[in-house]
Structure formats: C-alpha cells, structure tokens
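Peer 1: sequence and predicted structure below; questions after.
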Amino acid sequence: PPGGREEQAACREHLIELEWPPELVGRIGTFAVFDALDERSLRDVAESAIHGLAGEFGLRLEKLPPVLADVVRDLADASDIGARALDYAARDLLTPAFSDAARDGVSGLVELDPGPPPRVVVAEPVV
C-alpha cells in the first residue's frame, strides 16, 4: 500500500543518500506519498483553481474556455510541486484580468475571453 513500511523506509534512505543529517531524518514521523494525477484530475484541479480565483474577486464564471485550463496546465507543467503549481499558474495567468474587472466595478456572473491576453467580459443574460 502507498505509504507502507517499505515506502517509508525508502523515503528515509533517499534522504540519507541526499546527505540529509540522519538526526533530522530521524525526526520525520511519516512521509506522505502521493501518486501522480491523471489528465482528467489535472484538468479538474486547473478548472477549480480558476473558479476559486474568480471567486476571490467576487466573480462567478458562467463557462470556462477549455483552452484556459490547458494553458494553466502547461504553465504548471514546468514545476514539480504537484497540484499546487496549478493554483500558482492560474494566479499568474488570470489575476491581471480579474483585478482589471474588479477595478472596473464588474461583479457577479462573467465569462472569460481567452485572448491573448485573457480578459473578463460580462456574461450576456440568458433569455
């Protein structure tokens, strides 16, 4: 099982090979071992990061152009820090658009024009 006794020992051995002080390695109680995310999970996390960021600016996305989630995934790919990189990439890519919208008094339901550069547009009311 992930995180089992053998994996815990392998993690400790790896840190020792990296020349971590044994007294420091000995203070680590448990290592959290994660599997890599599959493509669908990466897309879901990227979309969630974008929606969450929009919410921080008082915006709700009516629909999210798939290309923006792909760009966020591509930007995060250069990093090996896991799903957190998707959140950072979404912030780097879309904070300017969301902050411009907030500055201009836009709130509520919006759409994203993928650009480039991405920009926020007020959602057309559904009739």
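Peer 2: That came through fine. Everything numeric here is computed off the predicted structure, so don't read it as measured data.
Peer 1: in this protein, which spans are helices?
Peer 2: For the chain, the helices defined by DSSP state H cover 5-17, 22-25, 39-56, 66-77, 84-103.
Peer 1: tell me the helices and strands packed up against the fourth one.
Peer 2: The elements that helix 66-77 packs onto, with contact taken as 3 or more Cβ pairs under 8 Å, 6 or more residues apart in numbering; DSSP states H and E, are helix 39-56, helix 84-103. To be clear about C-beta, it is placed using only N, CA and C from the backbone, and glycine gets the same treatment.
Peer 1: so what touches it?
Peer 2: 42-43, 46-47, 49-50, 85-86, 88-90, 92-94, 112, 114, 118 (Cβ atoms under 8 Å, 6 or more residues apart in numbering).
Peer 1: and that helix, what's buried?
Peer 2: Applying a neighbour-count criterion of 16 or more other Cβ atoms under 10 Å, one finds 68, 69, 71, 72, 73, 75, 76 buried in helix 66-77.
Peer 1: separation between residue 25 and residue 18?
Peer 2: Relative to residue 18, residue 25 is positioned 10 Å away (Cβ to Cβ, to the nearest Å).
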